[in-house]
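Student: Mind folding the following:
(chains A and B)
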Amino acid sequence: MSLDRRTTIKWMFAAAATVPSLQALADAPQPQARAVPAGQAGYGTDPDLVKEWRPGGPWPLTLGAAARLTTTVLCDLIIPADDVSPAASSVGVVDFIDEWISAPYPQQRADREIILPGLLWLDSEAQGRFGQSFAGITDAQRAAIADAICSPAKAASELAAGAKFFARFRDLTAGGFYTTPVGMKDIGYVGNVPLERFDGPPPELLRKLGLA
Amino acid sequence: MSFISAAEADKNTYDVIVVGSGAAGGQTAYTLTMDGARVLMLEAGRHYQPATETPMLQTNAEAPLRGSGTPEKPFGFWDATIDGGWDVPGEPYTSASDDPARKFVWWRARMLGGRTNHWGRISLRNGPYDFKPHTRDGLGFDWPMGYEDLAPYYDKVEMLIGVYGSNEGLENTPNSSPGVLLPPPKPRVSDLMVRKHAAKLRIPVIAGHRAVLTRRLDDKLLPKLLHPGNARAQAILAADMKKRAACFWATPCGRGCSIRANYQSTTVHLPPALDTGNLDIVTDAMVRTVTKRKDGAAEGVIYIDRKTGAEHRVKARVVVLAASALESVRILLNSGVANGNGKVGKYIMDTVGANFGGQVPALESLPPHNEDGADGGHMYVPWWLYKEQLAGALGFARGYHIEFGGGRTMPGMGTGAGLEWLNGGSYGKKFKEDVRRYYGSFVGFAGRGEMIPNDDCYAELDPNVKDRFGIPVLRFHWKWSEHEIGQAAHMQKTAAEIIDAMGGRMSGPPQSGEKAIKQGGIIIHEVGGAMMGNDPAKSVTNSFGQTWEMKNLFITDGATLCSNADKNPTLTIMALAWRSAEHMLGLMKRKEL
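Tutor: This is a model prediction of the structure:
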């Protein structure tokens, strides 16, 4: 999908009619993202399943530098470092999101229509409220924006598109993060190891749950 | 004998041509070659070698898009399927209606072993009622055989491929013979939770039956039981069973299994069949038609080499179609054979499917423990309302079983996604805490039920559309009846009741049957289209899959099924194929073919 600036602006007007600095964004010198090449192939119906795959391998990544920066900041707002595990961007989630929105398949193209305008909207919202891009504002300022859109049910009606974007971005960030070794460890996934025997759940757990 | 080129096959002579290499083709070729018949197998897809091509232990982060399904890999990147799906490029099919509710979608896999490489390995026997449904409730068709005719072959297939499960003696849910089943894996927490609370609703929860080796097969005993009096077959099978490892309790079965711990034709049927020296396989061989001898019998087949486009003709004493139910139907229609009564393509069926899920607070924040197990269901709900149904209390005539699952499965794109209905929508450290809390607390239920064959569901040749080989394609007609719609609604209701009994929250309200029922073909249990019977005027084959019109043309896949019980059809297809192949061997030995 080629998401041109006109489409983006149209989406933003629909989403938030009063956002300032639209003109500034429209005049931005760098493209937010390169277009997915026309006729871009996927990995095909018979990809090699035992070779090593990396984002950028099966199809080119397309996010521009500014959009990657916003993606990085937003990933880490959603999944920051804590006592258990590191932040999302430190384990390749930005590359993953770039791979996802650059993919030539229908689901990913539809998500690109949400994510790219959403990233622009996030910057314009930050500009409008705090005079800086989303990456340039403080943690507290970012939290103020996130608090307004993190719940689709509670978001103000004029922020509905922003809330939809945030929910989708959060799902992608979570999928990107919890599939990595540190993400799997964080939630206590301890499978995917060959075992001699499968003993089932620990007996003390079954007793505790009344299932022994 | 082994994997050969089309040019080499042209020069050879064979007793039997088997079209297809999946559950039906694999079992047919196995039974025939172990008893000395010389077989040529034609597979439309490419050669496939599970030992070197299976992604064992790869995580989703190692796959593009974290392993998510795409149109090119509908069941996810790591799924074993090659060149397959509901849409195969260059190989279309059409629908007579634009109404989504009346469309049928057709899954194909173009690879050696077909869909057996990725299937769910659920291996349930039809019960006595399932062979005589018309006698029981006046609907559909009786089979020209009873459970007792197929029971010995169910035993044989289960012993050969290895099936775990338990014998519970429940109504229309047959026991296997003593010693046949492998022990089921230990239940997961969610299994036990469902069992405990479903019991309050008088819904039984028992061990699942799946073709996964929970221990190694007994290579001393089983070959003797399977091939009495055939020392060579016993030796070949014993040697091959020694090469199959038991499950190591990791890696989803849908990827296939390089250690051969589950059943796929490529790891269980084909290796010993090839070891007999009696099997040749040509891959990339797309069969177009069955050819006819002057005396009206089958002569052989014409196939297209997918790589060169060249047409080849091969001949044999016997031709077996095992190309998957609807591909076999298509070959018959394009050949203009075995269809004097117009029954080819009629009464196609799928399984009724409806899914429902919820979240169970009692399963939140459990201590980490490994629940990979045998990947698929360790337990399931067999149909339990036979008496109420026969008395007309349910409003739909046939039953369903419930496959369910939950627990601490390998994280994928669904992990941590869509939690808003539980937590309102969070981010930051709170979001990380929420994901830890909810991971492993979801339980999903999949109702899988019997569809009754009806006049509105059939396949015919499209008069205009051809595939990339120039072969006319199928056009589908489809319509669920009130029985299937009512059943789908009941599936939703049952799952909602179980979730409620567990103190869980439903992810949404139960839907109407029309909304809940999956599109025809989505469950990928398509059968029928060349039904067996006792009357040549009303059926296409006899109970051995032998066509009435051509005594040396057989169908051993799901096309001959007279009903599609809620029991997943693969085990039944294999049992029928074994029985059919034995019949062919007898006829050939007696020079009747």
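Student: Enumerate every residue touching residue 199.
Tutor: Picking chain A for this. Contact partners of A:Asp199, counting by Cβ atoms under 8 Å, 6 or more residues apart in numbering or on different chains, are B:Lys186. Quick note: C-beta positions are derived from backbone N, CA and C, even for glycine.
Student: To clarify, I was referring to chain B.
Tutor: B:Val205.
Student: Surely B:Arg313 is in a strand?
Tutor: Yes - B:Arg313: assigned to a strand according to DSSP: H, G, I helix; E, B strand; the rest coil.
Student: now it, nearest residue through space, not along the chain?
Tutor: B:Ile302 (5.4 Å; Cβ to Cβ, 6 or more residues apart in numbering or on different chains).
Student: Roughly how far does the one you found sit from chain A?
Tutor: 26 Å (Cβ to the nearest Cβ, to the nearest Å).
Student: Go ahead and confirm B:Ser21 touches B:Glu43.
Tutor: Yes - in this structure B:Ser21 lies within contact range of B:Glu43 using Cβ atoms under 8 Å: 4.2 Å.
Student: what do those two both touch?
Tutor: What both B:Ser21 and B:Glu43 touch, as defined by Cβ under 8 Å, 6+ apart, is the set B:112, B:114, B:281.
Student: Any idea how many residues pack against residue 180?
Tutor: By default, I'm working from chain A. 24 (other Cβ atoms under 10 Å in any protein chain shown).
Student: my question was about chain B
Tutor: 19.
Student: So in terms of bridging, what pairs with B:Ile206?
Tutor: Beta-bridge pairing for B:Ile206 (DSSP bridges): B:Tyr380.
Student: cool, B:Val290 as well?
Tutor: Beta-bridge partners, per DSSP bridges, of B:Val290: B:Val301.
Student: Tell me the one among the shared contacts of B:Ser21 and B:Glu43 nearest to chain A.
Tutor: Using Cβ to the nearest Cβ, B:Leu112 is the member of those that sits closest to chain A, with 12.5 Å.
Student: which residue packs closest to that closest one, ignoring adjacent ones?
Tutor: B:Tyr48 (4.2 Å).
Student: Kindly confirm my reading that that neighbour is in a helix.
Tutor: No - secondary structure of B:Tyr48 (three-state DSSP): coil, not part of a helix.
Student: coming back round to it: now rank the shared contacts of B:Ser21 and B:Glu43 by neighbours and give me the top one.
Tutor: B:Gly114 (32 neighbours).
Student: Can you read off the pLDDT for that residue?
Tutor: Per-residue confidence at B:Gly114 stands at 98 (pLDDT).
Student: Could you do A:Pro31 as well?
Tutor: 84.
Student: how many neighbours does it have?
Tutor: 15.
Student: check contacts around it.
Tutor: Listed by Cβ under 8 Å, 6+ apart, the contact set of A:Pro31 reads A:Gly64.
Student: Where does it sit: helix, strand or coil?
Tutor: A:Pro31 is classified as coil under three-state DSSP.
Student: Just the element for the residue positioned nearest the centre of chain A, please.
Tutor: The residue lying closest to the centre of chain A (Cα atoms, centre = their mean) is A:Phe169, at 3.7 Å. For A:Phe169, the host element (DSSP states H and E) is helix A:160-178.
Student: how about that helix against chain B, any contact?
Tutor: Yes - residues of helix A:160-178 contacting chain B under Cβ under 8 Å from any Cβ of the partner chain: A:163, A:166-167, A:170-171, A:174-178.
Student: Make JSON lines out of those and add pLDDT.
Tutor: Below are the residues of helix A:160-178 next to chain B laid out as JSON lines (pLDDT from 0 to 100):
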{"residue": "A:Ala163", "pLDDT": "98"}
{"residue": "A:Phe166", "pLDDT": "98"}
{"residue": "A:Ala167", "pLDDT": "98"}
{"residue": "A:Arg170", "pLDDT": "98"}
{"residue": "A:Asp171", "pLDDT": "98"}
{"residue": "A:Ala174", "pLDDT": "98"}
{"residue": "A:Gly175", "pLDDT": "98"}
{"residue": "A:Gly176", "pLDDT": "98"}
{"residue": "A:Phe177", "pLDDT": "98"}
{"residue": "A:Tyr178", "pLDDT": "98"}
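Student: Now for these: which two are most distant?
Tutor: A:Ala163 and A:Tyr178 (22.1 Å; Cβ to Cβ).
Student: Tell me which of those two has more neighbours.
Tutor: A:Tyr178 (32 against 23).
Student: Was I right to think the more buried one contacts B:Gly414?
Tutor: No - judged on Cβ under 8 Å, A:Tyr178 makes no contact with B:Gly414 at a distance of 9.5 Å.
Student: and the nearest residue to B:Lys292 once chain neighbours are set aside, what does it touch?
Tutor: Leaving aside its chain neighbours, B:Lys292 sits nearest to B:Glu299 (5.9 Å; criterion: Cβ to Cβ, 6+ apart). Listed by Cβ under 8 Å, 6+ apart, the contact partners of B:Glu299 are B:290-293, B:315.
Student: mind listing what B:Pro361 touches?
Tutor: With Cβ under 8 Å, 6+ apart, B:Pro361 has these contacts: B:441, B:503-505.
Student: of all those, which two lie farthest apart?
Tutor: B:Ser441 and B:Gly503 (11.3 Å).
Student: Can you classify A:Trp59 by secondary structure?
Tutor: Applying three-state DSSP: A:Trp59 is coil.
Student: correct me, but it touches A:Gly44?
Tutor: No - using Cβ under 8 Å, A:Trp59 is not in contact with A:Gly44, being 11.2 Å away.
Student: Could you give the number of residues near B:Gly138?
Tutor: 8.
Student: Quick check: it vs B:Gly392, distance?
Tutor: 11 Å (Cβ to Cβ, to the nearest Å).
Student: Switch the contacts of B:Pro361 over to a markdown table, and while doing so, append secondary structure and distance to chain A to every line.
Tutor: Listed next are the contacts of B:Pro361 as a markdown table, based on DSSP: H, G, I helix; E, B strand; the rest coil; distance: Cβ to the nearest Cβ, whole Å:
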| residue | secondary structure | distance to chain A |
| --- | --- | --- |
| B:Ser441 | coil | 11 |
| B:Gly503 | coil | 12 |
| B:Gly504 | coil | 14 |
| B:Arg505 | strand | 16 |
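Student: Going by neighbour count, which of those are buried?
Tutor: B:441, B:504 (16 or more other Cβ atoms under 10 Å in any protein chain shown).
Student: and the shared contacts of B:Ser21 and B:Glu43 as TSV, adding secondary structure and distance to B:Lys224?
Tutor: Shown next, in TSV, are those (DSSP: H, G, I helix; E, B strand; the rest coil; distance: Cβ to Cβ, whole Å):
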residue	secondary structure	distance to B:Lys224
B:Leu112	coil	29
B:Gly114	helix	30
B:Ile281	strand	28
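Student: Show me chain B divided up by domain.
Tutor: Domains of chain B are assigned by automatic domain parsing as B:1-52+B:68-163+B:219-350+B:461-479+B:525-593, B:173-208+B:352-449+B:481-516.
Student: what about the lengthiest helix in chain A and chain B, touching?
Tutor: The longest helix of chain A (DSSP state H) is helix A:106-130. Yes - counting by Cβ under 8 Å from any Cβ, chain B is contacted by helix A:106-130 at A:106-108.
Student: chain center to that helix, what's the gap?
Tutor: Mean-position distance between helix A:106-130 and its chain equals 10 Å (Cα atoms, centre = their mean, to the nearest Å).
Student: for stretch B:327-336, same thing?
Tutor: Distance, centroid of stretch B:327-336 to centroid of chain: 21 Å (Cα atoms, centre = their mean).
Student: Contacts only, for the closest residue to chain A within the stretch 251-400 of chain B.
Tutor: At 3.2 Å from chain A, B:Pro368 is the closest residue in the stretch 251-400 of chain B, using Cβ to the nearest Cβ. Neighbouring residues of B:Pro368 by Cβ under 8 Å, 6+ apart: A:188-190, B:408.
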